[in-house]
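[1] Coordinates for the following, if possible.
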Amino acid sequence: MSRVLPHGAPDREYEVDPLPSGPLTTLDSIRVPNARELRRRSDAGAAYRRRRPIVRGLVIAALVVLGVVFAYPFIWLVSASFKPRGEVFDNRLIPKTFTFENYITVWQEAPLALWLFNTLLVTVLAAVTVTISSAMVAWGFSYFRFRGRGALFGLVLASMMLPGAVTMIPTFLIWNALGFVGTLVPLWAGNLFASAFYVFLLRQFMLGLPRDLFEAARVDGASQWALFWRIALPLCKPALAVTLVFEVQAVWTDLMRALIYLRDSSTFTIPRGLKSLVDAFGFGGEWHWEIIVTASVIATIPMIIVFFIGQRQIIQGVSTSGLKG
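    Have a look, this model is predicted:
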């Protein structure tokens, strides 16, 4: 049986009589569709072309609805930030009383600029260190051939199965013994030792790089470090961008470690600062929720900017990181 797709017909199978097993002397054994069958196929193709815009319209409508559902909380947050205290929870997307006073008050009530600086510092250090260290480990697992490589890589992946609560207390004791509790160091220095998830992601991408390219560079006298730094890393830009953006988002929104290690408000990051604002102006406080939602908008805007800048690299990196394993 073979497939015949006449022009304009939908993708379906049509049976064609098989050729005779003996010497081919005539084409009479091939069944030629009559006019009625050709008309039926043409009508089916026309019906398919008529349904195609309808299906496409339904898909677009579903995507629009889902987009509105996911965007509504942020739209509500932005709207509430421009409302006075008494109208924050009136559920109007367009404020009845429009005011910029909240964006002035929030800078006066909290050291928001200092919190943003602390968060930016920790985010940059954490993202850069984990990207480089994870890339180095991934390069070792993807390029070098040594006994026990598979078992060692499996051990690295197994570390991802450990809940964070299991290592939380030992990690705190280590940082406390080193005297770094109360500083920003514990929030980023652990990334110097790579991340199992990013090692896996980058290794999968590096396995797809042509090995002949590195062998040719070795013949030309390139060192192992030159292979990694000057050849492998430039070729892995999409995967590195994914790692960088993922870690930026994770560190920027990290509240748990900030709650554990930070004591003084001068060292607070944005998540820890927002928690202090909720304590002071929200539950158990003065119920000034307009200040809290305004600070939340300010804290969210940098992440939106980062996503729009790196969205193409994110999509390209995610789609190509698992092609070879």
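[2] got the residue ranges for the helices in the stretch 1-150 of the chain?
    Ranges of helices in the stretch 1-150 of the chain, per DSSP state H, counting those that start in this stretch, are 35-81, 101-109, 112-143, 149-158.
[3] right, so these: which one is the most enclosed?
    Across the helices of the stretch 1-150 of the chain, averaging neighbours per residue (mean count of other CB atoms under 10 Å) puts helix 112-143 on top, at a mean of 20. Every C-beta, even on glycine, is put in place using the N, C-alpha and C of the backbone.
[4] State the mean pLDDT of that one.
    Mean pLDDT, helix 112-143: 96.
[5] Compute the inter-axis angle for it and helix 149-158.
    160 degrees (axes from the mean of the first three to the mean of the last three CA atoms, to 10 degrees).
[6] Can you show me the CA trace of stretch 70-88 as PDB?
    Provided in PDB are the C-alpha atoms of stretch 70-88 (Å, rounded to 0.1, in the frame of the first residue of the first chain):
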ATOM      1  CA  PHE A  70      -2.600  34.900  33.400                       C
ATOM      2  CA  ALA A  71      -2.200  38.600  33.000                       C
ATOM      3  CA  TYR A  72      -5.200  39.700  35.100                       C
ATOM      4  CA  PRO A  73      -3.400  39.500  38.500                       C
ATOM      5  CA  PHE A  74      -0.600  41.800  37.400                       C
ATOM      6  CA  ILE A  75      -3.100  44.200  35.700                       C
ATOM      7  CA  TRP A  76      -5.000  44.300  38.900                       C
ATOM      8  CA  LEU A  77      -1.800  45.000  40.900                       C
ATOM      9  CA  VAL A  78      -0.800  47.900  38.600                       C
ATOM     10  CA  SER A  79      -4.400  49.300  38.800                       C
ATOM     11  CA  ALA A  80      -4.400  49.100  42.600                       C
ATOM     12  CA  SER A  81      -1.100  50.900  42.900                       C
ATOM     13  CA  PHE A  82      -2.700  54.000  41.400                       C
ATOM     14  CA  LYS A  83      -5.700  54.000  43.900                       C
ATOM     15  CA  PRO A  84      -6.000  55.700  47.300                       C
ATOM     16  CA  ARG A  85      -6.200  53.600  50.400                       C
ATOM     17  CA  GLY A  86     -10.000  53.200  50.500                       C
ATOM     18  CA  GLU A  87     -10.300  52.000  46.900                       C
ATOM     19  CA  VAL A  88      -7.500  49.400  46.700                       C
END
